[in-house]
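Trainee: Just the structure for this:
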Amino acid sequence: MQNRNLQHRRERMADALREEIGALIEGELGDPRIGLATVSEVMLASDGKSARVFVEADGTEREAEETLQGLNAARGFIRHQLVERLGLRHAPEIFFQLDTSTARQTRIEQLLQRIQKKK
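Mentor: Residues are numbered from 1 along each chain as shown. Reported below is the predicted structural model:
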C-alpha cells in the first residue's frame, strides 16, 4: 500500500514538473537558441532527486540541438522557478533529452505503408 502511494506521488510530481517546465519554456525563457519546443514527458527518479525531461523540438536537427543547449544553459533558472512555483524544498536535478519517438513513429508508419503497397 505504501509503495503504491509513493508511486502515485511520484507520478503527480512528474506531471506537475512537466506542466511547469512547459510553461517556462513557452513564455519565460529569453534565450534565442530555444526554438519551438514542448515537454513530452518527465521521468522522475525513484528517489526524487533527479528528473529526465524529454523535449520535442521543431525544426532541423541542428535547431533541435541548439534548443537543447539553450535549455541546458537555463537549468539553474528553471530549478529555481520550480522551487518557487511548486513550493518545493529542493527541486530535482534536471537533465534535458531530445524526444525522438515521434520521428521514429512516423518512420515506422512509412515503412509499414510501403510493405502494404507491395502486397
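Trainee: end to end, how far does stretch 35-48 reach?
Mentor: 29 Å (CA to CA, to the nearest Å).
Trainee: Then stretch 69-78?
Mentor: 14 Å.
Trainee: Strands of the protein, start to end?
Mentor: Secondary structure of the chain (DSSP state E): strands at 37-44, 50-57, 93-98.
Trainee: Next, the contact list for the closest residue to Gly59 other than its chain neighbours, please.
Mentor: Of all residues not flanking Gly59 in the chain, Gly35 sits nearest, at 5.4 Å (CB to CB, 6 or more residues apart in numbering). To be clear about C-beta, it is placed using only N, CA and C from the backbone, and glycine gets the same treatment. Listed by CB atoms under 8 Å, 6 or more residues apart in numbering, the contact set of Gly35 reads Ala57, Asp58, Gly59, Glu63, Ala64, Glu66, Thr67.
Trainee: Kindly supply the ChimeraX command isolating those of the residues you listed that are buried.
Mentor: Buried members of the contacts of Gly35, defined by 16 or more other CB atoms under 10 Å, are picked up in ChimeraX with:
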select :57,63,64,66,67
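Trainee: could you dump the contacts of Gly35 to JSON lines with distance to Gly87 and pLDDT?
Mentor: JSON lines is the format used below for the contacts of Gly35 (distance: CB to CB, whole Å; pLDDT from 0 to 100):
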{"residue": "Ala57", "distance to Gly87": "29", "pLDDT": "89"}
{"residue": "Asp58", "distance to Gly87": "32", "pLDDT": "85"}
{"residue": "Gly59", "distance to Gly87": "35", "pLDDT": "83"}
{"residue": "Glu63", "distance to Gly87": "35", "pLDDT": "91"}
{"residue": "Ala64", "distance to Gly87": "32", "pLDDT": "90"}
{"residue": "Glu66", "distance to Gly87": "33", "pLDDT": "93"}
{"residue": "Thr67", "distance to Gly87": "29", "pLDDT": "92"}
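Trainee: which of the contacts of Gly35 sit farthest apart?
Mentor: In these, two members sit farther apart than any others by CB to CB. They are Asp58 and Glu66, at 12.0 Å.
Trainee: Could you measure from the spatially closest residue to Asp99 that is not a sequence neighbour over to Pro32?
Mentor: Excluding its sequence neighbours, the residue lying closest to Asp99 (CB to CB, 6+ apart) is Phe54, at 3.9 Å. Look at Phe54 and Pro32: by CB to CB, to the nearest Å, they are 23 Å apart.
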